[in-house]
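Participant: build the 3D model from these lines:
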Amino acid sequence: MVDLLALWLPILLSAVFVFLVSSVIHMALPIHKNDYGQMPQEDRVLDALRGVVPAGQYRFPWCGSMQEFGTPAMQEKMRRGPMGTLIVLGGMNMGRSLGQWFALCVVVGLFVAYQASLCLPAGTDGMRVFRFASAGAMLGYAFASVDSSIWKGVKWSTTWKFVVDGVAYALVTGATFAWLWPAAA
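Facilitator: Next up, the predicted model:
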């Protein structure tokens with residue numbers, strides 16, 4: 001067993017490397033260019049929402065209970081459409097969002113370190129550390145967005161791109177832990 005404090009460097013460096021890789025993926029590569037499209041009649045829709053719909057998450061048509069879901073009125077609303085999910089942001093603070101993303105990368109690295117520290121002794125072969133750490137990071141990065149396609153209607157093509165991003169982040173995390181894994185005492 002490895003002391004978790006001995007893994008502070010791979011935790012932090014894996015977060016830095018994942019942050020950098022994600023920056024390249026989202027700013028330099030065209031992979032996510034078509035994840036979202038412009039809403040038809042955007043100006044009309046924005047004018048209708050402005051001052052009426054505060055920041056928040058919405059599902060429409062809204063149904064407050066399973067009893068209401070089964071009513072003829074709700075079924076008619078759903079039949080007529082449209083149905084969807086709407087997220088209204090109160091503003092965009094890119095610095096705060098990037099800070100939260102980095103914090104998430106640190107948290108994923110911390111959990112990878114915790115699991116690895118319990119299962120892998122100091123001096124473990126680098127490939128074994130790589131496989132173990134990559135698999136753990138995969139759960140935190142690659143599959144976190146799949147439920148958005150299942151429950152929120154996000155296009156599967158968009159979700160699969162985020163899964164591929166997550167695989168890259170997991171491999172970077174695994175490589176960092178393999179590189180910096182403590183030697184046998």
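
Participant: contacting residues around the residue nearest to residue 107 when sequence neighbours are not counted?
Facilitator: Nearest residue to residue 107, sequence neighbours excluded (CB to CB, 6 or more residues apart in numbering): residue 140, at 7.8 Å. Where you see a C-beta, it was placed from the backbone N, CA and C, and this is true even at glycine. Counting by CB atoms under 8 Å, 6 or more residues apart in numbering, residue 140 touches 107, 108, 111, 112, 166, 170.

Participant: and the one helix or strand the fourth one maps to, how far from the chain's centre?
Facilitator: Using DSSP states H and E, the secondary-structure element containing residue 112 is helix 94-119. Per CA atoms, centre = their mean, to the nearest Å, the displacement of helix 94-119 from the mean C-alpha position of its chain is 12 Å.

Participant: same deal with stretch 67-81?
Facilitator: Centre-to-centre, stretch 67-81 and its host chain are 32 Å apart (CA atoms, centre = their mean).

Participant: and for stretch 154-165?
Facilitator: With CA atoms, centre = their mean, you get 10 Å for stretch 154-165.

Participant: which residues touch residue 114?
Facilitator: residue 4.

Participant: do you know how far it is from residue 166?
Facilitator: With distances taken as CB to CB, to the nearest Å, residue 114 is found 19 Å from residue 166.

Participant: and residue 49, by the same measure?
Facilitator: For residue 49 relative to residue 166 (CB to CB), the value is 32 Å.

Participant: look at the two and report which has more neighbours.
Facilitator: residue 166 (23 against 12; other CB atoms under 10 Å).

Participant: quick one, phi/psi of that one?
Facilitator: Backbone dihedrals for residue 166, given as degrees, to the nearest 10, come out at phi -60, psi -40.
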